[in-house]
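Asker: I need the structure of the sequence given here:
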Amino acid sequence: MSEDLGLFNGKDKPTAETVWSFYQKGLVFNSAVNLDETVKSNENFFIGKQWEGVQANGLPTPQFNILKRVVGFIVASITTDNIKVNATALANTPATDELVEPVRVVNEEMDALTEHNNIPSLLREFARNAAVDGDGCIYTYWDPDVDCGGGVKGAIKSEITENTRVFFGNPNDRDVQSQPYIIISSREIVRNVKLRAKDNSAEGWEQIKADYDDSVSTDSAKYTDDKVTVLLTLWRSDEDGEIWAYESTQTCEVRKPWSLGIRLYPVCWLNWDYIRDCYHGQAMITGLIPNQIFINKAWAMSMLSIMRSAWPKVVYDKTRVSRWDNRVGGAIPAMGDPSNVAHIIDPAAISPQVSQLIGLAVEQTEQSLGATAVALGDTRPDNTSAIIALQRAAATPSEMTKQNLYSAIEELYRIYLEFMGQYYGRRKVDTEPPKQVADAMAFAGMDAPQTVLMDFDFSILKESPMMLKIDVGGSTYYSEIAAIQTLDRLWQAKGISTLQYLERIPDSYMPGRRALISELKQQEAMQQAQMQAMSMQAQPPAGGEEEAIMGGYGQEPEITGGRGYGAMQRAINNGEA
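Answerer: Numbers count the residues shown, from 1 in each chain. The predicted model follows:
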């Protein structure tokens with residue numbers, strides 16, 4: 001590449017100084033959109049620090065955190081479904097029938113990655129960060145030190161990254177894969193960074209020292225005594241389209257540029273709500289903070305009014321009673337007629353409009369986000385159909401966010417496919433025995449094993465990267481039951497065989513499902529073998545009809561006398577004929 005057309009200030013590869021200047025440029029953009037202060041304020045209001053920095057001046061500081069309830073409800077409603085990812089071969093892929101087993105292996109490996117990375121919990125935090133901070137980010141990397149057993153090492157890992165630590169090369173575009181470069185910053189202990197830089201033979205690793213973090217979005221950023229800012233730069237090569245990485249600090253590099261071998265940025269990005277010409281999104285609670293402040297202040301002033309004037313006051317004649325005694329049952333001496341000694345003043349009543357206004361503010365804030373009383377379970381289900389209809393209507397405002405979340409999950413598993421094709425190589429997988437082996441063992445009267453360990457070359461995913469398409473959707477308990485009921489009806493109507501039925505139900509619904517499938521296949525193989533043997537016996541011998549009549553052995557058939565024992569039969573038996 002020409003020197004003046006390089007991505008990094010005319011250069012083809014980055015340096016520590018260049019990356020740091022790009023990092024400072026990203027901080028300037030975040031400061032321009034007031035990202036750090038917005039995230040800090042939103043986080044405080046969400047966790048309950050809603051009076052921080054406010055001079056109360058004796059005013060009570062109550063907080064009725066409706067934001068946390070609403071955010072928790074919305075996030076739970078879009079992540080409550082069990083996410084199911086299915087990889088299927090594209091229709092235009094050559095030899096699609098040969099990809100049935102590879103697709104099954106890939107689907108099982110995706111299920112394993114879902115469990116190992118605890119994807120459901122990761123997605124809840126992912127969506128929660130998007131709702132509170134405006135953006136959610138999942139960074140995926142290859143960890144070569146994980147022991148997977150069987151002498152295999154290396155695993156794919158995913159982790160949550162704050163949006164204040166991700167910097168896009170083009171901050172006016174929210175599309176991850178179209179970025180010229182992406183920088184991810186982290187705060188790490190100086191000693192650990194030095195050890196890693198030394199192991200990578202990086203020059204000047206002794207100069208790594210603690211520095212100050214320019215990001216002030218969280219309190220943890222203020223700890224600077226033993227931490228240093230480490231920048232991971234990702235960019236796409238113009239030559240082969242692969243993603244490259246470079247790790248550095250402000251003063252020196254930690255690891256020289258290396259190729260990840262994948263063609264997708266390992267970054268999954270989710271905006272809660274889009275902002276035009278900005279890769280950062282709008283958080284759900286940013287516009288609700290004024291509502292929360294009003295509710296808290298209204299409650300605080302109501303409490304102060306009650307504390308000062310809610311209880312009755314006693315006014316007494318000091319010329320008759322020198323001292324008032326408020327003890328229960330206590331006697332109060334008086335001089336003269338006690339009828340005009342004291343008077344009780346009733347307290348001033350607070351306008352009922354205050355409580356009505358507070359309740360209306362809470363209700364309208366929740367309803368504007370779809371968290372209605374019906375959806376939150378605060379109503380009596382007198383009419384089942386009406387309740388279901390209202391709950392579905394309440395879920396409509398978050399449907400777009402839910403679909404955006406599904407798109408982000410699909411992108412995450414596409415990244416997993418890239419890592420599998422690049423780093424897995426040949427691995428042992430649990431698969432059914434080949435049909436030829438199972439048929440041969442069944443014909444020999446031997447029981448075929450249910451599963452066998454066979455080598456599978458995951459590089460096929462790299463050689464044909466567009467071979468698979470990924471479908472993401474909710475796999476709820478209800479939808480699984482509906483699918484099983486459909487299979488039951490098909491089986492009862494003889495629309496599918498028992499073997500087809502067992503191959504399509506989940507393992508959790510049928511203990512020993514694979515064993516049953518293996519036994520049925522063995523029975524079918526034995527039946528086919530018996531039918532073939534019977535058909536061979538039923539075929540006439542090669543000698544023709546005459547040989548068949550003679551029994552196939554060249555001997556005349558035996559003639560026995562029947563009823564009547566006629567003259568012809570006696571002659572035959574006596575050898576006269």
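
Asker: For the rest of this, base every contact and every neighbour count on C-alpha atoms.
Answerer: OK.

Asker: Give me the neighbour count for W235.
Answerer: Neighbour count of W235, defined by other Cα atoms under 10 Å: 24.

Asker: Would you mark the buried spots in the helix or strand containing it?
Answerer: Using DSSP states H and E, W235 falls within strand 227-236. For strand 227-236, the neighbour count (16 or more other Cα atoms under 10 Å) marks K227, V228, T229, V230, L231, L232, T233, L234, W235, R236 as buried.

Asker: Output it in CSV with nothing but the alpha carbons.
Answerer: Extracted C-alpha coordinates of strand 227-236, given in CSV (Å, rounded to 0.1, in the frame of the first residue of the first chain):
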residue,chain,number,x,y,z
LYS,A,227,-3.3,0.9,36.8
VAL,A,228,-2.4,1.8,33.2
THR,A,229,-4.7,2.4,30.2
VAL,A,230,-4.2,-0.4,27.6
LEU,A,231,-5.6,0.2,24.1
LEU,A,232,-6.6,-2.7,21.8
THR,A,233,-6.8,-1.5,18.2
LEU,A,234,-8.7,-3.6,15.6
TRP,A,235,-8.7,-2.8,11.9
ARG,A,236,-9.5,-4.6,8.6
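
Asker: other SSEs contacting it?
Answerer: helix 16-32, strand 181-189, strand 243-248 (3 or more Cα pairs under 8 Å, 6 or more residues apart in numbering; DSSP states H and E).

Asker: Adjacent strands (with direction) for it?
Answerer: Applying DSSP bridges, strand 227-236 is found paired with strand 181-189 (antiparallel), strand 243-248 (antiparallel).

Asker: Might you calculate how far it sits from the centre of the chain?
Answerer: 25 Å (Cα atoms, centre = their mean, to the nearest Å).

Asker: now the angle from it to helix 16-32?
Answerer: Orientation check (axes from the mean of the first three to the mean of the last three Cα atoms, to 10 degrees): strand 227-236 against helix 16-32 gives 100 degrees.

Asker: Am I right that G261 is in contact with I243?
Answerer: Yes - if you go by Cα atoms under 8 Å, G261 and I243 touch, sitting 6.5 Å apart.

Asker: More neighbours: which of those two?
Answerer: Applying other Cα under 10 Å to G261 and I243 shows that I243 carries more neighbours, namely 20 against 17.

Asker: Now for that one: which residues touch it?
Answerer: L234, W235, R236, S237, S259, L260, G261, I262, R263, L264, Y265 (Cα atoms under 8 Å, 6 or more residues apart in numbering).

Asker: and the closest residue in space to L412 that isn't next to it in sequence, what pLDDT?
Answerer: Excluding the flanking residues, the one nearest L412 by Cα to Cα, 6 or more residues apart in numbering is C268, at 6.0 Å. The score at C268 is 96. That number is its pLDDT.

Asker: so when I look at C268, I'm seeing a helix, right?
Answerer: No - using DSSP: H, G, I helix; E, B strand; the rest coil, the assignment for C268 is strand, not a helix.

Asker: how close does it get to V103?
Answerer: Computed as Cα to Cα, to the nearest Å, the C268 to V103 distance reads 23 Å.

Asker: More neighbours: the two, which one.
Answerer: Taking neighbours as other Cα under 10 Å, C268 and V103 compare with C268 leading, 25 against 17.

Asker: how far away is the more buried one from L59?
Answerer: Relative to L59, and taking Cα to Cα, C268 is found at 45 Å.

Asker: repeat for R414
Answerer: Using Cα to Cα, R414 is found at 54 Å from L59.

Asker: Between the two, which is the more surrounded one?
Answerer: Comparing R414 with L59 by other Cα under 10 Å, the one with more neighbours is R414, at 19 against 12.

Asker: per-residue confidence for that one?
Answerer: 91.

Asker: Just say helix, strand or coil for it.
Answerer: Counting by three-state DSSP, the backbone at R414 sits in helix.

Asker: Distance check, it against W258.
Answerer: R414 is 21 Å from W258, where distance means Cα to Cα.

Asker: for E418, same thing?
Answerer: As defined by Cα to Cα, E418 lies at a distance of 16 Å from W258.

Asker: Quick check on these two: which one has the bigger neighbour count.
Answerer: Legend: neighbour count by other Cα under 10 Å for E418 and W258, higher for E418 (21 against 12).

Asker: burial count for the closest residue to that one other than its chain neighbours?
Answerer: In space, and not counting its chain neighbours, E418 is closest to I262: 5.6 Å by Cα to Cα, 6+ apart. Other residues lying near I262 total 22 when counted by other Cα under 10 Å.

Asker: I262 and G425, how far apart?
Answerer: 14 Å.

Asker: What of I184?
Answerer: Separation of I184 from G425 (Cα to Cα): 28 Å.

Asker: Helices along the stretch 151-300 of the chain, start to end?
Answerer: 190-199, 289-309 (DSSP state H, counting those that start in this stretch).

Asker: How about the last one, which residues are buried there?
Answerer: Residues of helix 289-309 classed as buried by neighbour count (16+ other Cα under 10 Å): 289, 291-293, 295-303.

Asker: Give the next helix or strand downstream of it.
Answerer: Counting by DSSP H and E, the next helix or strand C-terminal to helix 289-309 is strand 313-316.

Asker: before we move on, the earlier item: check the strands paired with strand 227-236 for me and report the most buried one.
Answerer: Highest mean neighbour count of the strands paired with strand 227-236: strand 243-248, a mean of 22 (counted as mean count of other Cα atoms under 10 Å).

Asker: Buried ones in stretch 17-31, by neighbour count?
Answerer: Those would be V19, W20, F22, Y23, G26, L27, N30, for stretch 17-31 by 16+ other Cα under 10 Å.

Asker: I should have written stretch 103-116 there, sorry.
Answerer: For stretch 103-116, by 16+ other Cα under 10 Å, it's V103, V105, V106, N107, E108, E109, M110, L113, T114.

Asker: hey, C-alpha coordinates of the host helix or strand of the fourth one in PDB?
Answerer: Mapping N107 onto the secondary structure by DSSP H and E places it in helix 100-116. What follows is the C-alpha trace of helix 100-116 in PDB, where atoms were taken according to Å, rounded to 0.1, in the frame of the first residue of the first chain:
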ATOM      1  CA  VAL A 100     -26.500 -32.300   7.200                       C
ATOM      2  CA  GLU A 101     -23.900 -33.700   9.700                       C
ATOM      3  CA  PRO A 102     -21.700 -30.500   9.600                       C
ATOM      4  CA  VAL A 103     -24.700 -28.400  10.400                       C
ATOM      5  CA  ARG A 104     -25.700 -30.600  13.300                       C
ATOM      6  CA  VAL A 105     -22.100 -30.400  14.700                       C
ATOM      7  CA  VAL A 106     -22.100 -26.600  14.400                       C
ATOM      8  CA  ASN A 107     -25.500 -26.400  16.100                       C
ATOM      9  CA  GLU A 108     -24.300 -28.500  19.000                       C
ATOM     10  CA  GLU A 109     -21.100 -26.500  19.300                       C
ATOM     11  CA  MET A 110     -23.200 -23.300  19.400                       C
ATOM     12  CA  ASP A 111     -25.300 -24.800  22.200                       C
ATOM     13  CA  ALA A 112     -22.000 -25.600  24.100                       C
ATOM     14  CA  LEU A 113     -20.800 -22.000  23.600                       C
ATOM     15  CA  THR A 114     -24.100 -20.700  24.900                       C
ATOM     16  CA  GLU A 115     -23.600 -22.700  28.100                       C
ATOM     17  CA  HIS A 116     -19.900 -22.000  28.500                       C
END
